[in-house]
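Chemist: give the three-dimensional model of this entry:
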Amino acid sequence: MSKSILHMSHWGAFDAISDGERILNTRPYDKDPEPSPILYNIPSSHHHRTRIDRPYVRSGWLENGPGSSSRRGKDKFVPLEWNDALDLLAEELKRIYSSFGAESVFGGSYGWASAGRFHHAQSQIHRFLNCMGGYVDGVDNYSFGASNVLLPHIIGSVNPTLTENPSLEAIANHSELVILFGGIATKNAANNAGGISRHNTRGWLKKAHNNGTRFILVSPLQDDIAEEANAEWIAPRPGSDTALMLALGYVLISEKLVSKEFLNKYCIGYEKLEKYILGNEDGIPKTPNWAETISEIPAPTIWKLARDMAAHRTLITVSWSLQRTQYGEQPLWMGIALASMLGQIGLPGGGFGHGFTGSFIGHNPRTMKVPALPQGKNNVNKYIPVARIADMLLNPGGSYHYKGKVLTYPDIKMVYWCGGNPFHHHQDLGRLRKAFNSLETVVVHDSFWTATTRHADFVLPATMSIERDDLGIGMGESELFAMKSITKPHGESKDDYEIFSELAHRLRIGKQFTEGRSVTDWLKCMYEKLRLDLSEMKIQAPSFQEFWDIGTYQLPTEDAPQSMLKKFRDDPTLHRLGTPSGKIEIFSSTIESFGYKDCAGHPKWLEPKEWLGSDITKHYPLHMIANQPKTRLHSQLDVGDYSQKSKISNREPLRMHPDDARKRNLSDKDVVEVFNDRGSCLAGLLISKSVRPGVVQLSTGAWYDPDENGMCKHGNPNSLTADRPTSNLSQAPTGQHALVEVRKYTKTLPKLTVMDPPSIVK
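Modeler: The predicted structure follows:
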């Protein structure tokens, strides 16, 4: 008999009607005012033909044993019984750890495989590998890697940008002008690492607009903010935001609109930036006319915008996307400096915001942490910035700069990946393929035959979250969900905890890994820790069984933030920042001491290698923006119906301005080839005036499907992006921008292979 079950996902909470084998229907959570349609990818993906039904081992690995192989990604797979696969893998783990040590294992996981607190893939794999003796880790992230490294030097920590962005209620009540560098895209607000109970971006923006808040979007894409904001659109050349900000600063200085009182009390190093803006440092005044030649925004527009900013309660926001490009630290740093020059940081509805996607906005944040699976101690002290994995695998023993240090890449023999799909989010996927081919063994847990699983030697089928019990709560959220399993596992798939438990027992670390607990035992243990913390706050929470029966529990909250760094503004001595000076460091002597030409002691305009002002445009005249998709999260559930409906001739859509399409004799819905010196991919053309001329937009996340020449038949833009870091400071990813050319594809359309399982040797 079918029944309705409440569950949580990255895209929101929902009720599922299930017969125990399949999801018959889904209904968004009744308390969600703006539910995400991405939810409808779940039922159609559940038993898709690309689900992995049992353990597999790559044919070439079984034939030849561990070692480098150019067959990865092309090879056939052999199905094995669970016991045989785990026995074989346990022996390989013993060999790797005994022969090469824990420093030879990279524990890869990007953590997005489950919204649950217990079955969080990253926690599971790191706990297991720590029981083995440790692993090489990846630090920072692909979302805001440059911010993660830069902000501690500027405002003491990245945390204020995650927890103190002002709520849109504060904006509606106090902000007169909001400048959005990179926008506040509704699609980004659809997702949260731990799940979302209530989406509210459109409603809050409409309220703010109705209350008189003026929004100005600075982006090459007009739909980087919802229509409800009625935003004015300024479309600079991609990558020129820092130059535009410097010119805005020039106007503030020249018209004596700078708040010297704020700068003297709360900041350090402004004088050096002012000299640079006025041209005293390099002989080039950063005037609006200077910025016009770089950004193509008319100088009068820049003059007027700066004056409006000074005359109103102004909030300046910088999206995460702006720092995902070469020299990505600079617009973020200059955005903070510009807000400091206005002197409104810490005032309600004013100052600065970062990563303003909306997924945390409008909610009253919880006042307490929620329990997570303990990961144990990693005894290996080697790590890499997360986006440097191909560099590490191709250059063992090589040196690189990071945070002012010179570090050495370890010699990795095994990659163990659980959760995430690097063949989606990494740059220059052709280079990543070569890097993976150099390994002795690759192990992947996944639910689907993605490009990553096809490049593995051991493929272990993992359950989806709908097939297991868990606890769910999102970052910045306050409603805890009982994530009850909706259906039986697909085929012979197991949850990661069960897989690691069975491996751990074979390796004689079973008690250490499981502590004698089942999944239910762990869920009860984690919940009881939460109950204990609540009791210390004089709050009596329901028992685990009561909570499980009810399905949700509301944790205590505090009022939503009114502005970032409010406490610091109220008392800069009591609430000094974590920087060396305790203040906002517009000039950082620490960063200056590193001597990096690509990230000096204060924000600067540094011309990117690839942008519309470079000589590369002679061959590749279009600037590709590889942003987040609307119809899925990263590459998750790309096989789902909602994601598939957005495709054109089964290819990922690419948007282009009508003028650029006309120059190339292209029509709407044409299949086109997008190419540069690094690679190529196919895409379906959408002609749109919402894209700035000279720019094309191709979202990330189409499952990578290379042909024999390396062309991605499906449309993954990371077959075109450069695997170069933002700077020596942060070594963060730069996959947001690349120069390309586009032409009509006139050959017979190749069949997609990634939407079917690979070849299986029976």
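Chemist: and the residue nearest the centre of the chain, what does it touch?
Modeler: Residue closest to the mean C-alpha point of the chain, counted by Cα atoms, centre = their mean, is residue 143 at 3.2 Å. Neighbouring residues of residue 143 by Cβ atoms under 8 Å, 6 or more residues apart in numbering: 320, 355. C-beta: built from backbone N, CA, C; applies to glycine.
Chemist: how close does it get to residue 154?
Modeler: 18 Å (Cβ to Cβ, to the nearest Å).
Chemist: so who does the closest residue to residue 425 other than its chain neighbours touch?
Modeler: Using Cβ to Cβ, 6 or more residues apart in numbering and skipping the chain neighbours, the partner closest in space to residue 425 is residue 142 (5.2 Å). If you count contacts by Cβ under 8 Å, 6+ apart, residue 142 has them with 110, 324, 386-387, 425, 733, 735.
Chemist: let's see that with 10 Å instead.
Modeler: By Cβ atoms under 10 Å, 6 or more residues apart in numbering, the contact list for residue 142 reads 110, 320, 324, 386-387, 420, 422, 424-427, 634, 700, 732-733, 735.
Chemist: quickly find the element holding it.
Modeler: Here residue 142 is covered by no helix or strand, with elements defined by DSSP states H and E.
Chemist: pLDDT wise, what is residue 675 at?
Modeler: pLDDT for residue 675: 98.
Chemist: got it, and the one 10 residues further on?
Modeler: The score at residue 685 is 98. That number is its pLDDT.
Chemist: just say helix, strand or coil for it.
Modeler: strand (DSSP: H, G, I helix; E, B strand; the rest coil).
Chemist: what about the closest residue to it other than its chain neighbours, distance to residue 411?
Modeler: Excluding the flanking residues, the one nearest residue 685 by Cβ to Cβ, 6+ apart is residue 670, at 4.5 Å. Distance, residue 670 to residue 411, using Cβ to Cβ: 47 Å.
Chemist: looking at those two, which is more packed in?
Modeler: The neighbour comparison of residue 670 against residue 411 (other Cβ atoms under 10 Å) goes to residue 670, with 23 against 15.
Chemist: just the pLDDT for the more buried one.
Modeler: Confidence score, pLDDT, at residue 670: 98.
Chemist: pretty sure residue 185 contacts residue 222?
Modeler: No - if you go by Cβ atoms under 10 Å, residue 185 and residue 222 don't touch, sitting 11.1 Å apart.
Chemist: run a quick neighbour tally on residue 648.
Modeler: Residue 648 has 19 nearby residues by other Cβ under 10 Å.
Chemist: just the pLDDT for the residue nearest to the centre of the chain.
Modeler: Reported pLDDT for residue 143: 91.
Chemist: ok, now the one 3 residues further on?
Modeler: Among the per-residue scores, residue 146 shows a pLDDT of 97.
Chemist: measure it to residue 244 for me?
Modeler: Applying Cβ to Cβ to residue 146 and residue 244 gives a distance of 18 Å.
Chemist: now do residue 14
Modeler: 41 Å.
Chemist: likewise residue 635?
Modeler: For residue 635 relative to residue 244 (Cβ to Cβ), the value is 32 Å.
Chemist: who has more neighbours out of the two?
Modeler: Using other Cβ under 10 Å, the more surrounded residue of residue 635 and residue 244 is residue 244, with 29 against 25.
Chemist: would you report the backbone torsion angles of the more buried one?
Modeler: Here is the backbone geometry of residue 244 (degrees, to the nearest 10): phi -60, psi -40.
Chemist: which residues touch the closest residue to it other than its chain neighbours?
Modeler: Nearest residue to residue 244 in three dimensions, chain neighbours excluded: residue 295, at 4.8 Å (Cβ to Cβ, 6+ apart). The contact partners of residue 295, by Cβ under 10 Å, 6+ apart, come to 218, 234-245, 247, 288, 301-302, 613.
Chemist: just the buried residues of the residues you listed.
Modeler: 218, 234-245, 247, 288, 302, 613 (16 or more other Cβ atoms under 10 Å).
Chemist: about what we covered before: which of the contacts of residue 142 sit farthest apart?
Modeler: Spanning the widest gap among these are 320 and 422, at 19.0 Å by Cβ to Cβ.
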